[in-house]
Structures are given as C-alpha cells and as structure tokens.
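>>> Task: produce atomic coordinates for the following.
(one chain, ligands or ions: 1)
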Amino acid sequence: MKIPIDPSDDVDKNQYSTEAHLIYGESQDPRWDYSHHLVPPISASATFRLDSAQRGAQGFTEFAHSSDELTVTSKAPIYIYDRLGEPNKDMLEENLAYAEGGDIAVSFASGMGAIAGVLGILTGTGSEVLAHKLLYGCTYSLLTTWYPRLKIDATFIDSTDPEEVRRHITKRTRVVYLESPINPTLELVDLAAVVHVVKEANAGRSNEERIYTVVDSTFATPFCQRPLKHGIDFVVHSLTKAIGGFGTDIGGVVIGPQWSKDMLVLYRKDFGGVLSAKSAWPVLVTGLPSLAVRMRQMQSTAMKVAEFLGTCSEIAQVVYPGLSSFAQYELARRQMCDYDGNFAPGSMIYFIMKGENPHDSLARAERFINHVAKNAYCITLAVSLGNIRTLIEHPGSMTHSAIPTDEQVAKGLNPGGVRLAIGLEKPDDIIQDLRRSLGATRIGAPLEVADFEL
Ligand SMILES: *Cc1c(COP(=O)(O)O)cnc(C)c1O
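Prediction:
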C-alpha cells in the first residue's frame with residue numbers, strides 16, 4: 001500500500017478497509033513527526049516545553065474546549081502535561097474511535113477507569129442507574145459500594161427483556177448500563193430494542209434529564225459488534241483484554257458522541273485515571289493492528305472447541321453465540337458482525353458442569369479447573385480474556401465473587417459455570433487439554449481431597 005509522503009497526494013482513505021485503518025491510522029500526523037518511522041515512538045515525557053507564556057496560556061485555554069472553534073486556533077494540539085494529553089494516547093484514541101465508528105474516544109488507566117469516567121459524567125447525586133442484574137464484578141461493586149455514598153442509586157434488572165427496562169425507568173434514571181455479551185453467561189441484550197425503549201422515555205425530557213445508554217462491549221471487541229450503530233450512546237472497553245491482546249498492559253476507553261469529549265478529558269484530568277503513554281503504545285502498534293486477524297482466528301477456534309464441548313458427557317450445557325443451539329442465535333446473527341458483515345460470535349465460551357445438584361456441579365467445576373491448572377499446557381487458569389493464551393476461570397468464586405453466592409444463583413449464575421477465553425493456540429491442542437481434564441472429573445470418578453489442595 002502506498003503511504004502518501006506528500007500530504008497533497010490525494011489518496012482517498014475511504015477506499016481502504018477498516019482493517020487497513022487499524023494498521024495505518026493517520027500516516028501523516030501534525031502531532032508527531034513520524035512520517036519516517038513505521039512505528040511511532042513511545043512518548044516518555046511527563047511535561048512538555050512551551051515556547052512562550054502565550055503558548056502556555058493558549059494550551060490551557062484550549063484544553064477541554066475541543067468543539068469551541070473560537071477558542072481552539074492552533075492546528076496541532078498544544079501539549080502541556082501528560083495528564084492533560086500526549087501524542088500516543090491521542091493517536092490511539094483516534095484509531096479506537098474509528099474502530100467503533102464513534103465520534104470520539106477517551107482512554108483511561110483501566111477498563112474500570114473508563115466505566116467510572118462515563119458514569120461520572122452522566123450521573124450526579126439523586127440520579128439512578130438501571131443496570132443489568134449480572135455485571136462485571138468490579139462494575140457491580142462500583143455501583144453498590146461507592147455510588148450509595150454519592151446518593152446515586154443502582155437498580156438491577158433483566159435487560160434481556162426490553163419491557164423490563166421500560167417498566168423500571170423513573171424520573172431519576174440517567175443511565176441504562178448494559179453488557180453484551182453478558183459476562184460470564186454470554187446472554188445478549190437486544191441493543192436496538194433497548195435503544196427504542198429509551199428513545200421513547202426520552203421524548204419530552206429536557207437535556208439534563210435525558211437517559212443515556214452505555215454498553216460494555218469488552219467481550220465482543222469492535223471487530224465483533226459496534227453498538228453505536230444500533231443507536232447506543234456510549235461504548236466502553238477494557239483495553240486490557242482482546243484489544244490489547246497480548247496481556248502486557250492495563251487500559252480502558254470510552255467511545256461516544258462529540259459533545260462528551262471535553263467532559264471526559266476534564267473528568268480524566270481531575271480524577272487522574274490517565275492511561276500511561278507506555279501502555280497506550282502497545283495497543284496502538286500491536287494490539288489494534290492485529291485485532292482483526294486475532295479475533296478471526298480465535299473465533300474459528302472457539303467454534304470448534306464449543307462443538308467439542310457439546311459432545312462431552314461431563315457437561316450439562318455449552319453456551320457460545322456461534323452455536324445454532326444458542327438461545328438467542330437469531331439475535332446473535334443480527335447483532336454480532338465483523339467489518340465485512342460476516343457473523344462474528346466472538347472468542348468466549350461458557351459451559352456448565354453436570355452435577356446432581358448445584359453443590360455437586362460446583363465441586364466438579366472446581367475439580368476440573370484444578371486439574372487444568374495442574375496439567376494443561378495450552379490452557380491457563382487466570383482471569384482476563386482475549387489474550388493470545390487460552391485462559392480459564394470459575395466466575396462463581398473468582399471474577400464474580402463480589403456478588404454473594406446465594407445472589408449469584410438468583411441472578412442466573414450457575415455455581416458449576418466455567419468461562420473459557422480462547423487464545424491463538426490450535427483447536428486440537430486446546431481440545432486435548434480439555435479432554436484430559438474432563439476425563440478426570442467424570443461423574444462416578446471418586447472426588448479426591450488432594451484435587452482441592454491449593
Ligand atoms: C476486564 C473487564 C473490565 C474491567 O477492565 P480493567 O481493564 O480490568 O479495569 C470491565 N468489563 C469487562 C467485561 C471486563 O472483562
């Protein structure tokens with residue numbers, strides 16, 4: 001592909017695919033002269049030299065006034081101090097906004113930083129967040145441990161039923177907060193249907209009382225679904241997962257409408273959850289450019305592994321949106337598509353171990369996972385997902401332990417559930433490890449105390 005050396009070269013970038021954009025981004029950038037580097041340098045400067053007091057003053061005036069044409073007169077951004085902005089994050093944010101099809105992206109120190117950031121700009125004392133009943137554990141903890149102190153209420157509902165969303169909207173509702181696919185059960189929320197309900201509720205509301213929709217789309221990545229297309233207002237991602245892809249760095253991002261950019265960067269400046277330039281860089285140069293090829297590969301492996309798990313007598317149920325047995329298969333096909341419109345069911349699998357009762361099912365899940373932890377070569381017991389290595393975990397006792405066990409069952413989380421996050425290994429290698437560990441947990445095989453040793 002030709003990279004334009006002279007900006008006057010008239011290359012129409014729209015004629016290239018999204019995947020090309022994720023690799024090349026802007027090949028000419030006034031923020032950094034890297035037109036002779038293939039890889040942009042890591043910015044490693046906490047503060048920036050200002051040519052004059054006037055330039056410094058201009059930089060402070062322009063900060064968080066991106067849409068104010070009268071204020072912003074400089075062509076290239078004036079960098080002042082890393083917490084306010086620096087080149088690596090800016091370049092990454094531009095590509096992330098592009099990947100999701102959003103106006104703007106603002107990065108944060110972690111996925112939780114991004115979630116706290118978007119909720120921070122949309123809520124205030126007295127407001128209420130409607131959230132799905134099953135959520136990423138720390139999001140649940142944010143809403144139940146910290147928001148009560150701010151007098152922000154959270155109501156937990158089943159958002160897979162749009163009518164339940166409608167029934168629970170009140171005068172104080174400001175945010176409908178969703179995950180799809182839901183962690184860890186992989187149920188989907190019909191995003192367009194929820195958007196429809198919220199649009200109706202917003203009719204006649206003032207701007208201050210408007211309800212916004214936020215989707216944590218970490219499990220899907222922008223390769224497998226783009227919620228903004230369905231009318232969702234904000235998307236959040238943990239960059240730590242499949243977007244970063246290699247498991248080297250923690251990060252998060254909010255993608256949304258133009259007006260939110262200044263609020264988000266102001267929030268980030270004052271609460272301080274800034275993505276380090278050194279962590280933005282790998283996402284920019286290795287994570288995003290390889291996202292499509294990694295997701296395509298992982299997805300094809302996930303399908304084969306899910307089919308294998310479906311044949312195993314030790315397993316009661318296999319959940320993978322790519323299987324025709326998936327309860328919301330039609331919705332999955334409609335909502336989860338890659339950039340070319342192909343069905344893109346993702347890289348996550350959830351399955352429930354058989355058992356005589358929930359306790360037995362839990363014991364078998366633990367036994368199976370402990371066997372994997374000790375014996376598998378290509379599956380690692382670790383939280384996180386979207387990594388080049390296949391990771392396995394037990395949501396009931398690990399990622400979702402913030403939710404008390406009896407509540408987990410009420411929320412539809414089976415104690416015997418296991419989450420498998422497919423990596424880049426060959427399907428047969430993963431299946432070999434699964435088969436061995438499942439054999440060791442076969443019903444009827446005696447449960448040995450030694451299997452539970454920590
Ligand atoms: C990991 C994760 C988060 C939090 O991201 P961090 O980068 O760990 O802060 C939020 N939501 C989902 C679905 C996640 O998997």
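
>>> Tell me which residue of this protein lies closest to the ligand.
Distance from the ligand to each residue of the chain (Cβ to the nearest ligand atom) is smallest for Gly111, at 2.2 Å. For the C-beta atoms, the positions are set from N, CA and C on the backbone; glycine is no exception.

>>> surely that residue meets Gly252?
Yes - at 3.9 Å, Gly111 counts as touching Gly252 under the criterion of Cβ atoms under 8 Å.

>>> Which neighbours do the two have in common?
Residues touching both Gly111 and Gly252 (Cβ atoms under 8 Å, 6 or more residues apart in numbering) are Val236, His237, Ser238, Leu239, Thr240.

>>> The residue nearest to the spatial centre of the chain is in what secondary structure piece?
Within the chain, one residue has its C-alpha closest to the average C-alpha position: by Cα atoms, centre = their mean, that is Thr218, at 1.8 Å. Using DSSP states H and E, Thr218 maps to neither a helix nor a strand.

>>> Please give me every residue in contact with it.
Gly111, Tyr136, Glu179, Asn183, Val236, His237, Ser238, Lys241, Ala242, Leu385, Gly386.

>>> now those residues as JSON lines including secondary structure and pLDDT?
Formatted as JSON lines, the contacts of Thr218 follow (DSSP: H, G, I helix; E, B strand; the rest coil; pLDDT from 0 to 100):
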{"residue": "Gly111", "secondary structure": "helix", "pLDDT": "98"}
{"residue": "Tyr136", "secondary structure": "coil", "pLDDT": "90"}
{"residue": "Glu179", "secondary structure": "strand", "pLDDT": "97"}
{"residue": "Asn183", "secondary structure": "coil", "pLDDT": "90"}
{"residue": "Val236", "secondary structure": "strand", "pLDDT": "98"}
{"residue": "His237", "secondary structure": "strand", "pLDDT": "98"}
{"residue": "Ser238", "secondary structure": "strand", "pLDDT": "98"}
{"residue": "Lys241", "secondary structure": "coil", "pLDDT": "98"}
{"residue": "Ala242", "secondary structure": "coil", "pLDDT": "98"}
{"residue": "Leu385", "secondary structure": "coil", "pLDDT": "96"}
{"residue": "Gly386", "secondary structure": "coil", "pLDDT": "97"}
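
>>> just the residues you listed now: which is nearest Gln408?
The shortest gap between Gln408 and any of these belongs to Asn183, at 12.8 Å (Cβ to Cβ).

>>> phi, psi of the closest one?
Main-chain dihedrals, Asn183, degrees, to the nearest 10: phi -90, psi 120.

>>> Can you give me the distance of Lys411 to Tyr98?
36 Å (Cβ to Cβ, to the nearest Å).

>>> my bad, should have said Gly252
In terms of Cβ to Cβ, Gly252 sits 17 Å off from Tyr98.

>>> what does Phe326 give?
Counting by Cβ to Cβ, the gap from Phe326 to Tyr98 is 30 Å.

>>> Toward the C-terminus, what is the element adjacent to the lowest-mean-pLDDT helix or strand in the chain?
When each helix and strand of the chain is scored by mean pLDDT, DSSP states H and E, helix 405-410 comes last, with a mean of 76. For helix 405-410, the succeeding helix or strand toward the C-terminus, using DSSP H and E, is strand 417-421.

>>> returning to what we had before: between Gly252 and Tyr98, who's got more neighbours?
Of the pair Gly252 and Tyr98, Gly252 is the one with more neighbours under other Cβ atoms under 10 Å, namely 28 against 18.

>>> For the more buried one, grab phi and psi.
With angles defined as degrees, to the nearest 10, Gly252 sits at phi -150, psi 170.

>>> Please verify my assumption that it contacts Ile115.
Yes - with contact defined as Cβ under 8 Å, Gly252 counts as touching Ile115 (7.2 Å).

>>> just checking, what packs against whichever helix or strand Val235 is part of?
For Val235, the element it lies in under DSSP H and E is strand 234-238. Contacts defined by 3 or more Cβ pairs under 8 Å, 6 or more residues apart in numbering; DSSP states H and E place strand 234-238 against helix 111-122, strand 212-216, helix 221-224, strand 252-256.

>>> count of residues packed around Thr173?
Thr173 has 22 nearby residues by other Cβ under 10 Å.

>>> pLDDT score assigned to it?
With respect to pLDDT, Thr173 has a value of 98.

>>> do the same with Pro358
80.

>>> How many neighbouring residues does it have?
Neighbours of Pro358 (other Cβ under 10 Å): 16.

>>> quick one: it and Ala410 touch, right?
No - using Cβ under 8 Å, Pro358 makes no contact with Ala410, being 12.0 Å away.

>>> host element of Ala332?
Element membership of Ala332 [criterion: DSSP H and E] is helix 329-335.

>>> Export only the CA atoms of that helix, formatted as CSV.
Provided in CSV are the C-alpha atoms of helix 329-335 (Å, rounded to 0.1, in the frame of the first residue of the first chain):
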residue,chain,number,x,y,z
TYR,A,329,-29.0,-17.3,17.9
GLU,A,330,-31.1,-15.1,15.6
LEU,A,331,-30.2,-12.0,17.7
ALA,A,332,-26.6,-13.0,17.7
ARG,A,333,-26.5,-13.2,13.9
ARG,A,334,-28.2,-9.8,13.6
GLN,A,335,-26.1,-8.0,16.2
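
>>> mind listing what's buried in it?
Neighbour-count burial for helix 329-335, with 16 or more other Cβ atoms under 10 Å as criterion, is recorded at Tyr329, Leu331, Ala332, Arg333, Gln335.

>>> Show me where the stretch 151-300 of the chain dips below the pLDDT cut-off.
The stretch 151-300 of the chain contains no residues with pLDDT under 70.

>>> Kindly report the residues of it close to the ligand.
Contact residues (Cβ under 6 Å from any ligand atom) of the stretch 151-300 of the chain with the ligand: Glu179, Asn183, Asp216, Thr218, Phe219, Ser238, Thr240, Lys241, Ile250, Gly252.

>>> Just the buried residues out of those residues, in ChimeraX syntax.
The buried residues among those can be selected in ChimeraX (16+ other Cβ under 10 Å) with this line:
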select :179,183,216,218,219,238,240,241,250,252
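
>>> Can you tell me which of the residues of the stretch 151-300 of the chain next to the ligand is nearest Asp406?
Here the nearest of those to Asp406, counting by Cβ to Cβ, is Asn183; it sits at 19.7 Å.

>>> Contact partners for the closest one?
Asn183 touches Leu134, Leu135, Tyr136, Thr218, Phe219, Pro395, Thr399, Arg419, counting by Cβ under 8 Å, 6+ apart.

>>> Name the nearest residue to the fifth one, sequence neighbours excluded.
If I follow you right, that is Phe219. Pro181 (4.6 Å; Cβ to Cβ, 6 or more residues apart in numbering).

>>> quick one, domains of the chain?
Domains of the chain are assigned by automatic domain parsing as 87-289, 291-452.

>>> Mean neighbour count, these: which tops it?
domain 87-289 (a mean of 21; mean count of other Cβ atoms under 10 Å).

>>> I'm done for today, thanks for sticking with me.
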